[in-house]
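[1] Sequence unavailable; structure follows:
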């Protein structure tokens, strides 16, 4: 499977999510997505429930663990139902669950949501959550109403929209399984490592313009600094500092080519306090300086670049 297929899947999921205001989330039950750093990074926006309400729920460690534990009963229900179904989680979030099967193996689900149609039930669940945690009930209710949609597409529409995406995900798994036979019949639906990795990437994506330090990520993911460093390096093949700088440089390229902002302003915009250090990191990653990068691509601005 070439990287073009990965991009097609990403672009399709992005288009559906944007055009139809549907939040999409892939649950990888075999770990095939996480076996490839490029695919992990590309699909990261679709690997967790990142709406403000869900993120608030997961800020509580016990509720974080409860979210992970929900994957097993979802998998069991998928094996029984075989087809798409609609449900509500313990926190009141409603969504469609589309099982992903390959040769009879449940390799994951494609979840389409996030919706709210049963307010009375949701309010009871939120009240219960607030009583058993440090989370504020009015705040949870406010986020619930503002973050989730009351407009639920029909099951036919969801099937039509996401059938192609489901097929692409299954095809990617098939090709991966040819070179990674250990993926066959492997169940990782309760993998804390996979879940934590997705949330580390989410944290960095949200905060790369500011200082990114491991202790803050560890608090975000309810685990130790050493665990964060270990699983990130193991799966992404670089350390967190290097990955964060790579993300900053990718965003700096867009400013260099699409704006007339000076180098110093761009360095600050993407999270570097020192423009000289920014130039050093840029050159290390790209092989040329920011100024040369602009020049090589035919971009010329009269404004001073420092």
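    Everything's here; your move. Owing to the predicted nature of the structure, the values given are computational and were not obtained by experimental measurement.
[2] any idea how far the strand of greatest length in the chain is from the chain center?
    In terms of residue count, the longest strand belonging to the chain (DSSP state E) is strand 105-115. Strand 105-115 has its C-alpha centroid displaced from the chain centroid by 14 Å (C-alpha atoms, centre = their mean, to the nearest Å).
[3] what's downstream of it, the next helix or strand?
    The element immediately downstream of strand 105-115 (helix or strand, assigned by DSSP states H and E) is helix 119-132.
[4] buried sites along that next one?
    Within helix 119-132, the residues that count as buried by 16 or more other C-beta atoms under 10 Å are 122, 125-126, 129-130. All C-beta atoms are positioned from the backbone trio N, CA, C, and that covers glycine.
[5] try stretch 250-260
    Using 16+ other C-beta under 10 Å as the test for burial, stretch 250-260 gives 251-253, 255-256.
[6] Please apply the same query to stretch 158-170.
    Applying a neighbour-count criterion of 16+ other C-beta under 10 Å, one finds 158-159, 161-162, 165-166, 168-170 buried in stretch 158-170.
[7] what's in contact with stretch 266-281?
    Surrounding stretch 266-281, the residues in contact under the criterion C-beta atoms under 8 Å, 6 or more residues apart in numbering are 208-212, 244-245, 248-249, 251-252, 255-256, 259, 261, 263-264, 289-290, 306.
[8] same thing but 6 Å
    Applying C-beta atoms under 6 Å, 6 or more residues apart in numbering, the set of residues contacting stretch 266-281 from outside is 208-209, 245, 248, 251-252, 255, 264, 289-290.
[9] And stretch 161-170, by the same measure?
    By C-beta under 6 Å, 6+ apart, the list of residues contacting stretch 161-170 reads 9, 12-13, 16, 98, 100, 102, 110.
[10] for those residues, which one is nearest residue 24?
    Looking at these and their distance to residue 24, the nearest is residue 13, at 5.4 Å (C-beta to C-beta).
[11] And for the closest one, the neighbour number?
    The local packing count at residue 13 equals 23, with neighbours defined by other C-beta atoms under 10 Å.
[12] Check whether it really touches residue 44, as I assumed.
    No: counting by C-beta atoms under 6 Å, residue 13 sits too far from residue 44 to count as a contact (11.5 Å).
[13] what comes up buried for the longest strand of the chain?
    Applying a neighbour-count criterion of 16+ other C-beta under 10 Å, one finds 105-115 buried in strand 105-115.
[14] Report the mean confidence score over the strand or helix carrying residue 138.
    Assigning secondary structure by DSSP H and E places residue 138 in helix 137-147. For helix 137-147, mean pLDDT rounds to 95.
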